[in-house]
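# give me coordinates for this.
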Amino acid sequence: KIPEKIKRISSRLFDYSTLSKIELPESLTYVTMDAFYSTNVRELTIPSNVVTIGKSFSDYNTAEDDKKYMENSDFPYSVVEYSDEELPFKCRNMQKIIIKSEKLKEIKKGAFEGISGSCIVEVPEAKYDVYKKMLLKGGLSSDVKVITIEETQKESAGRKVSWTFDAQTDTLEFTGNTAIDVTEAEVKAETATETEAVIETEAVIVTEAEAVAETSDNTSAPSDAKQGSGWQAYAEKTKKVIINEGITGIGESAFECFTALKSVEIPDTVKQIDDCAFEGCSALTHVNIAENSRLIKIGRYAFKDCTSLKSITLPENLKSICRFAFADCTKLKEIKVPDAVTLIDTGAFMDCKSLTLAELPKNLDKLRDRAFAGCKKLTAITIPEKVTSVTMSAFTGTAIKEITIPKNVTVICKGISIADDDTNLSKNTELKKITVESKKLTSVAKGAFAGLSEECEVSVPEKKLKKYQKMFNESGVENKLTTSKTAK
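Alright, predicted model coming up:
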């Protein structure tokens, strides 16, 4: 919480910190968006007295200027690792921005560059048209939904989630018409009366309005429950979670570290599984996602450390698998990624040590660093032809024998931590051949092939041999390139 009387939030104040929540004071008149770059802040409220929203941390105002800054500084990442959308100077984690101020006069150029397309921006109804134009001029992507604060309030009215816990079967069941949000349960428990806050041994129903014990006169909580934290009081007892049709999302950390949880039923109405939703559910073996599911996004760390999960069927409408979503699922043996997915993000399946088969989607555009790193039983993988950007550290620590870089790849990236032993190719002792089919390569990042064995054959199109040899040498590859029929 920032104290009152502060009038200005300066450039880069919190960037690259672990900050996840912040409350800005009403005294604030100027806020610089790059103060929150590369933090974990997911929601930001711009107070009612702010007149200017800035960006610049020096003289650099655009994505191209950011690149120039990085190129001429001691910043630890090579500029060719990133496309514009991947530049680290971005609020990529932001999911909601609420602009309460009706006094806003200026949004600086580039202030909202890099805000994720999944973010929602809320503005006062009276300023909607003016602010939307200002936001777009300030670099906000047209993919970002801009709505009014009043509209959100109307939509929220009447939305409820209720839950029951069956002590006989150790089952949590949810019904409702909105997303499961653990923060709402916590607030209700904190504000309820002593009687209302009691967790009953038979069943509990919590709604948006109240917490009411239904079927028992017992007023004492079970010894293994933690009072005042909603359904998470049963984190060590719940064996099954049933989410009924109508629920639209599974919120951040909703079932994190439910260590007894074995089975989850997810209806077709759920559109998003948020960050850390099932992280650390070490006993989870069964995730049933309904046929014709509308699920489009699996958030960061959503199933990380689900060490008993052997298989999961991902729905056809899924579009994105975020960072470390299935990392450390050490018993996961096979994964088929649906064709609608265009992005497999950093570390998505990292250290899935039992993974032997990974089928990638035909519409995949980007394969990010460490996506399959540490999957030591993975012996082969086919990179789809539509891929334009490949990060070689996606395959470090695997048993893959041959990698083919398809014809539409323009950039071979390095990865964020490629200098570390666990993210270079030195552990890829089985890798014997890399075939570059693309004739469109424009850059190979310095260190992209760090640790590559001298015995590995690198084959390129014959007409590109001279150009690519220079490009690869400059990136640090000492291997002599060859040509082959498949790469002509």
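# can you give me the helices for the stretch 51-200 of the chain?
With DSSP state H, counting those that start in this stretch as the criterion, the stretch 51-200 of the chain has helices at 63-71, 128-137, 149-156, 182-191, 194-197.
# and the second one, what does it pack onto?
Contacts defined by 3 or more CB pairs under 8 Å, 6 or more residues apart in numbering; DSSP states H and E place helix 128-137 against strand 106-107, strand 120-123, strand 145-148. C-beta here means a position set from N, CA and C on the backbone, and glycine is covered the same way.
# pretty sure Asn177 sits against Arg159.
Yes - with contact defined as CB atoms under 8 Å, Asn177 counts as touching Arg159 (5.7 Å).
# count the neighbours of Asp129 for me.
9 (other CB atoms under 10 Å).
# before we move on, the earlier item: so which of the helices and strands packed on helix 128-137 is nearest Gly138?
Of all the helices and strands packed on helix 128-137, strand 106-107 sits nearest to Gly138, with 3.6 Å by CB to CB.
# name the helices or strands packed onto the closest one?
strand 52-54, helix 128-137.
# that one pairs with which strands?
Sheet pairing here is set by DSSP bridges, and for strand 106-107 it gives strand 52-54 (parallel).
# related to what we said a few turns ago, most tightly surrounded among the helices and strands packed on helix 128-137?
Stretch with highest mean neighbour count among those: strand 120-123 (a mean of 21; mean count of other CB atoms under 10 Å).
# now do that one: distance to the chain's middle.
20 Å (CA atoms, centre = their mean, to the nearest Å).
# same deal with stretch 333-352?
Using CA atoms, centre = their mean, the offset of stretch 333-352 from its chain centre is 12 Å.
# quick check: buried residues in stretch 99-113?
Ile99, Lys100, Ser101, Leu104, Ile107, Lys108, Gly110, Ala111, Phe112, Glu113 (16 or more other CB atoms under 10 Å).
# wait, isn't the first one in contact with Pro124?
Yes - the pair Ile99 and Pro124 qualifies as a contact (CB under 8 Å) at a distance of 7.3 Å.
# list residues touching both of the two?
Tyr131 (CB atoms under 8 Å, 6 or more residues apart in numbering).
# where in this protein is pLDDT low?
56-92, 157-158, 183-229, 415-424, 484-488 (pLDDT under 70).
# try 50 this time
When residues are selected by pLDDT under 50, those of the chain lie in 57-63, 65-89, 186-228, 417-420.
# among the helices and strands packed on strand 106-107, which comes closest to Ser20?
Among these, strand 52-54 comes nearest to Ser20, with 21.1 Å by CB to CB.
# show residues contacting that closest one.
With CB under 8 Å, 6+ apart, strand 52-54 has contacts from 11, 29-33, 46, 104-108, 111, 138.
# let's go with 7 Å and repeat that
Tyr30, Val31, Thr32, Met33, Ile46, Leu104, Lys105, Glu106, Ile107, Lys108, Ala111, Gly138 (CB atoms under 7 Å, 6 or more residues apart in numbering).
# now do the closest residue in space to Lys366 that isn't next to it in sequence against Phe258, distance only.
By the measure of CB to CB, 6 or more residues apart in numbering, the closest residue to Lys366 outside its immediate chain neighbours is Ser389, 4.7 Å from it. Distance, Ser389 to Phe258, using CB to CB, to the nearest Å: 36 Å.
# look at the two and report which has more neighbours.
Shown here are Ser389 and Phe258; by other CB under 10 Å, Phe258 has more neighbours (26 against 19).
# is it true that that one touches Ser282?
No - applying CB atoms under 7 Å, one finds Phe258 not in contact with Ser282, separated by 9.1 Å.
# please enumerate the shared neighbours of those two.
Shared contacts of Phe258 and Ser282, defined by CB under 7 Å, 6+ apart, are absent.
# count of neighbours near Lys21?
The number of residues near Lys21, taken as other CB under 10 Å, comes to 11.
# pull stretch 391-401 out as PDB, backbone CA atoms only.
Provided in PDB are the C-alpha atoms of stretch 391-401 (Å, rounded to 0.1, in the frame of the first residue of the first chain):
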ATOM      1  CA  THR A 391      13.600 -21.500 -28.900                       C
ATOM      2  CA  MET A 392      16.200 -24.300 -28.800                       C
ATOM      3  CA  SER A 393      16.100 -24.500 -25.000                       C
ATOM      4  CA  ALA A 394      12.600 -25.900 -25.500                       C
ATOM      5  CA  PHE A 395      14.300 -29.300 -25.900                       C
ATOM      6  CA  THR A 396      17.200 -29.200 -23.500                       C
ATOM      7  CA  GLY A 397      17.600 -32.300 -21.300                       C
ATOM      8  CA  THR A 398      15.500 -34.500 -23.600                       C
ATOM      9  CA  ALA A 399      16.500 -37.700 -25.500                       C
ATOM     10  CA  ILE A 400      15.500 -36.300 -28.900                       C
ATOM     11  CA  LYS A 401      17.800 -37.600 -31.600                       C
END
